[in-house]
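*Asks:* Sequence first, predicted model second:
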2 protein chains.
Amino acid sequence: MNGAQAMVRTLAEAGVGVWFANPGTSELHLVAALDGEPRARGVLCLFEGVATGAADGYGRMAPDPAAVLLHLGPGLGNGLANLHNARRAGTPVVTVIGDHATSHERFDAPLQSDIAAVAGSVSAWMRRPVDVAEAGKAAAEAVAAARAAGVATLVVPADVAWSEGGDVAVEPPALAREPVAEGALEPAAAALASGEPCVVLIGGDATRRGGLEAAGRIAAATGARVLCETFPARLERGAGLPAVERLAYLGEMAAAQLDGARHIILAGARRPVTFFAYPGKPGDLVPDGCQVHDLGADALGPLADAVGGDAVPALQVAARPDVPTGALTGESAAAVIGALLPEGAIVSDEANTSGLWLPGATAGAPPHDWLSLTGGAIGQGLPVATGAAIACPDRPVVCMEADGSAMYTLSALWTQAREGLDVTTVVFNNGSYAILSMETTRVGAVPAPPEEGTITRDMVDLSRPALDFVALASGMGVPASRAHTAEELADQFGKALAEPGPHLIEAVVPPLG
Amino acid sequence: MNGAQAMVRTLAEAGVGVWFANPGTSELHLVAALDGEPRARGVLCLFEGVATGAADGYGRMAPDPAAVLLHLGPGLGNGLANLHNARRAGTPVVTVIGDHATSHERFDAPLQSDIAAVAGSVSAWMRRPVDVAEAGKAAAEAVAAARAAGVATLVVPADVAWSEGGDVAVEPPALAREPVAEGALEPAAAALASGEPCVVLIGGDATRRGGLEAAGRIAAATGARVLCETFPARLERGAGLPAVERLAYLGEMAAAQLDGARHIILAGARRPVTFFAYPGKPGDLVPDGCQVHDLGADALGPLADAVGGDAVPALQVAARPDVPTGALTGESAAAVIGALLPEGAIVSDEANTSGLWLPGATAGAPPHDWLSLTGGAIGQGLPVATGAAIACPDRPVVCMEADGSAMYTLSALWTQAREGLDVTTVVFNNGSYAILSMETTRVGAVPAPPEEGTITRDMVDLSRPALDFVALASGMGVPASRAHTAEELADQFGKALAEPGPHLIEAVVPPLG
């Protein structure tokens, strides 16, 4: 077998069968090898950022990672932003980048560039086999690396793919996770027992049911406040699950949430900092005099066992808003979503400012998963929804998307149509990059006189011309409609959920504020 | 003045006033500074790949470079593929990437990544001022570097932008271009005089009128064959200009063009190699026993003076195809374009396989410029057309675009609509990545049994669902129509050229072959 076949079969043996792909000439032996592997599935994406975001969404929801197939350095570049988000999410992804044949490198042909430098910026692990005999083994190690560390990148020279002499390899066993170090829990346990104000900040795996229950027991037993990181990769939430408040995006609101804490116990989350720097404001959100205990997500269960006793976590009560009527706003739209969100939904949330009310309105909805914008690189929502729908074909996927962000990776809709995915996308069209309007004031960027701020206003204005998302979705084979009122949104959202396949609803809302 | 103001004013002083921008929070002081500079113009793009491609198109046509404003590492990633094309084109571009404040770096906030590693892969020059006093000077040097070497990158920490203490700086004088070295021309001149078959392969600046005339004189005087690199950044051509054949994309055709040559004289072009490697085929296109003389573009005039005497270059005769009737194919569509292409047109060509007949059909059209896909990273055509239209508002821009490639950076249409640019886009919709169908056979990628090549076929199939470019263009404010016959294309193309502002025509054609 050739190197491509060895890699594709090795990945399939290891459970990696889904390939989100935007191949070019240098990847065609890998594509042909997919045809020889019954466990392989190729999901064509019209842009690499869709492929990488879909692999991220898949990896957040499925037990095994997906592979993503990219064409040389420029293909990697196009996929880089969503690999950045995957890296921040800690999502296992096997990135496969086709490269020129090793014999061709010396020519510096037009498509050649420094793949290693670019891939290195997002990869926890990277290998470029140059001998076909290494191909299968490299693929096997890539899967293990992805499971352990996130984005694992294989750079595959075309001649390694096409040469005979490949071997299927077996994924190496996972390294045992480090046990929680002896004595590591004591300071945190002591803090929780001290009566001093404590915050348990959870992230990573700890935002799944097990972690939430452990955190909830700690809170119930000790009175600690539990918060979850601002942008969790996958938060399980809804009626019957332990409720958790997210750390706010805006630094001043996050500071208020943490105000007075004497101890912050990190469990899978990172030390809280502001998303951006602002002139004259602190970037570090840890209050003065507050001690930080960084335990890692795995310590949460043992910590709960140590301090939680028989405490029972407070569970979210089932509660939905009424379906509102009248003007469509971010707030009324959120109520519609909260009223109708189906059980088991997977919510891909990139609604940005228009989504401010969504977490509140859906808190008491039936159990669902919430996938958020982990790395802050917009253009994630539609691709992540696409990948999640491939991972979980029996669950409804709901994508809450901002107009500006939607335009980065809109062709995800085409892949949704092609694959018949059950994704309902609501695009909040407020005709602006509203978050930048807000941030212009917050960073103190005052347009200099004598001008009147024309360019500053222009750079956040998406209304000239207006984007028609109904036309755009239709152009890619996704049935679409537009809602101007809460009733229309409720009607259209309900119908979209009831019908199989993808749908898009353009929700026309005013900008926040 | 703050650092942002110092940089914006310095760039404006140096002639860099157009900013293709997709800013985020960390760039807002730069945006505000644009408002204080009357010579600055902000052109909003909905995706960074549009902004970088537009800067490339602008730089190929305008006397001064444009600036492109990107948001941190992910914004750079989104713009990377078209910066790769700009690098290969040698286009001067001033890339400005906003970064976190220097005080914020230590927090590794969600959007942080290794900007230098990624930018380094496309930049001929890069600087990251960390003191506001350096900001203006860095900007001035960036312009000089862009003019001298291509993509020059400024990474601007937010606190450098917002801090007071900036100074406007003056662009340093250009380094004198190296004179052609004493004796450098003699071997090439001797080869041309020897009677042995010679090819003059031109590229870079030599594909402009002056270079073409020099090459044409050499050919007329010596019988040498002149070829131009496969994907010139800007080729001046049409009736009355010295005609030049392009080196073919397919290695076997290029080898036939070079067959028998005993000398290849490179003038601004690089040594000819195949675009990709193919099993068992050579990547180097220089025939056995052929000597290569690499002179650089600047040597072409002196070489013509040395060997050309009073020879007069053969000029392209004015000639247009008749407007065809009947079925629309790549060939008949090219005849329509050739029949109607207006004088002074700027053609952005990313038609790929559907464009095979375009160079022939337009060869005798009135003088025009031809901008091609220099780095092979698709998604260039629409953005380059956008930037060229900003650079040359009085010239008609025609974008010849393939369906698959169009989907990478389609939102360029929105910027065209917003700016009222006179761009006529023809999207050749053949429902496939036809070039990959062709390359699958050429690289010998045979789907392994027992499967039937389903995935291999699927990965090149854009017909399921069909892309409706009329809907897509309409959704971004660009009037659009669809042509199924040559007559329809002629009618629609003529009307689009006659009306100001952007138009899109979807030309429904069968795949090549």
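*Replies:* In hand now; what should we look at? Numbering: from 1, shown residues only, chains lettered A, B, ... in the order given.

*Asks:* Could you pull up the contacting residues of A:Arg177?
*Replies:* Residues counted as contacts of A:Arg177 (CB atoms under 8 Å, 6 or more residues apart in numbering or on different chains) are A:Asp298. To be clear about C-beta, it is placed using only N, CA and C from the backbone, and glycine gets the same treatment.

*Asks:* And for A:Phe275?
*Replies:* A:230, A:249, A:251, A:376, B:25, B:109-111.

*Asks:* Same question for A:Thr207.
*Replies:* A:Thr207 neighbours (CB under 8 Å, 6+ apart): A:228-229, A:232-236, A:244, A:268.

*Asks:* Now do the domain split for chain A, please.
*Replies:* A:3-162, A:184-316, A:330-508 (the TED database).

*Asks:* Any idea how far the second one is from the middle of the chain?
*Replies:* Looking back up the chat, that one is domain A:184-316. Computed by CA atoms, centre = their mean, to the nearest Å, the chain-centroid distance of domain A:184-316 equals 20 Å.

*Asks:* From the opening residue of it to its closing one, how far?
*Replies:* Start-to-end span of domain A:184-316 (CA to CA, to the nearest Å) is 31 Å.

*Asks:* and the longest helix for chain A?
*Replies:* Counting by DSSP state H, the longest helix found in chain A is helix A:72-89.

*Asks:* In terms of secondary structure, what does that one contact?
*Replies:* helix A:48-61, strand A:66-71, strand A:93-99, helix A:115-120, strand A:151-157, helix B:72-89 (3 or more CB pairs under 8 Å, 6 or more residues apart in numbering or on different chains; DSSP states H and E).

*Asks:* what is the orientation angle of the last one with helix A:48-61?
*Replies:* In other words, helix B:72-89. In terms of direction (axes from the mean of the first three to the mean of the last three CA atoms, to 10 degrees), helix B:72-89 departs from helix A:48-61 by 150 degrees.

*Asks:* Touching, A:Pro479 and A:His503? I think so.
*Replies:* Yes: counting by CB atoms under 8 Å, A:Pro479 sits close enough to A:His503 to count as a contact (5.4 Å).

*Asks:* higher neighbour count, these two?
*Replies:* A:His503 (24 against 16; other CB atoms under 10 Å in any protein chain shown).

*Asks:* quick revisit: quick one: which of the contacts of A:Thr207 has the most company?
*Replies:* A:Pro232 (28 neighbours).

*Asks:* How about the contacts made by that one?
*Replies:* A:203, A:207, A:246, A:370, A:372, A:374.

*Asks:* and if we set it to 10 Å?
*Replies:* A:Pro232 makes contacts with A:60, A:89, A:202-204, A:206-208, A:244, A:246-247, A:268-269, A:349, A:369-372, A:374, as judged by CB atoms under 10 Å, 6 or more residues apart in numbering or on different chains.

*Asks:* A:Asn2 pairs with what?
*Replies:* A:Glu164 (DSSP bridges).

*Asks:* any idea how far B:Val443 is from the residue nearest to A:Thr102 when sequence neighbours are not counted?
*Replies:* Closest residue to A:Thr102 apart from its sequence neighbours, by CB to CB, 6 or more residues apart in numbering or on different chains: A:Pro157 at 4.8 Å. Counting by CB to CB, to the nearest Å, the gap from A:Pro157 to B:Val443 is 13 Å.

*Asks:* now swap in A:Asp305 and tell me
*Replies:* Going from A:Asp305 to B:Val443 by CB to CB gives 58 Å.

*Asks:* who has more neighbours, those two?
*Replies:* Neighbour totals were compared for A:Asp305 and B:Val443, and B:Val443 leads with 24 against 13 (other CB under 10 Å).

*Asks:* Give me the spatial nearest neighbour of the more buried one, chain neighbours excluded.
*Replies:* A:Leu28 (5.3 Å).

*Asks:* Run a quick neighbour tally on the one you found.
*Replies:* Counted with other CB under 10 Å, A:Leu28 comes out at 29.

*Asks:* That one: what secondary structure?
*Replies:* Following DSSP: H, G, I helix; E, B strand; the rest coil, A:Leu28 is assigned to helix.

*Asks:* does it really touch A:Asn2, like I thought?
*Replies:* No: judged on CB atoms under 10 Å, A:Leu28 makes no contact with A:Asn2 at a distance of 11.8 Å.

*Asks:* Can you check which residues contact both of those two?
*Replies:* Residues touching both A:Leu28 and A:Asn2 (CB under 10 Å, 6+ apart): A:161-162, B:445.

*Asks:* if we can go back for a sec, need the residues touching each of A:Pro479 and A:His503.
*Replies:* Common contacts of A:Pro479 and A:His503 (CB under 10 Å, 6+ apart): A:473, A:495-496.

*Asks:* can you pick the most crowded of those?
*Replies:* A:Ala473 leads those on contacts (other CB under 10 Å) with 29 neighbours.

*Asks:* pLDDT (mean, whole number) over whatever helix or strand it lives in?
*Replies:* Taking DSSP states H and E as the criterion, A:Ala473 maps to helix A:469-474. For helix A:469-474, mean pLDDT is 98.

*Asks:* Kindly report the same for stretch A:405-415.
*Replies:* On average, stretch A:405-415 scores 98.

*Asks:* Equivalent analysis for stretch A:77-85, please.
*Replies:* 98.

*Asks:* try stretch A:136-143
*Replies:* 98.

*Asks:* That stretch close to chain B?
*Replies:* No: counting by CB under 10 Å from any CB of the partner chain, chain B has no neighbours in stretch A:136-143; the shortest distance is 15.1 Å.

*Asks:* Stretch A:354-368 now?
*Replies:* No: Stretch A:354-368 stays clear of chain B (CB under 10 Å from any CB), getting no nearer than 17.0 Å.
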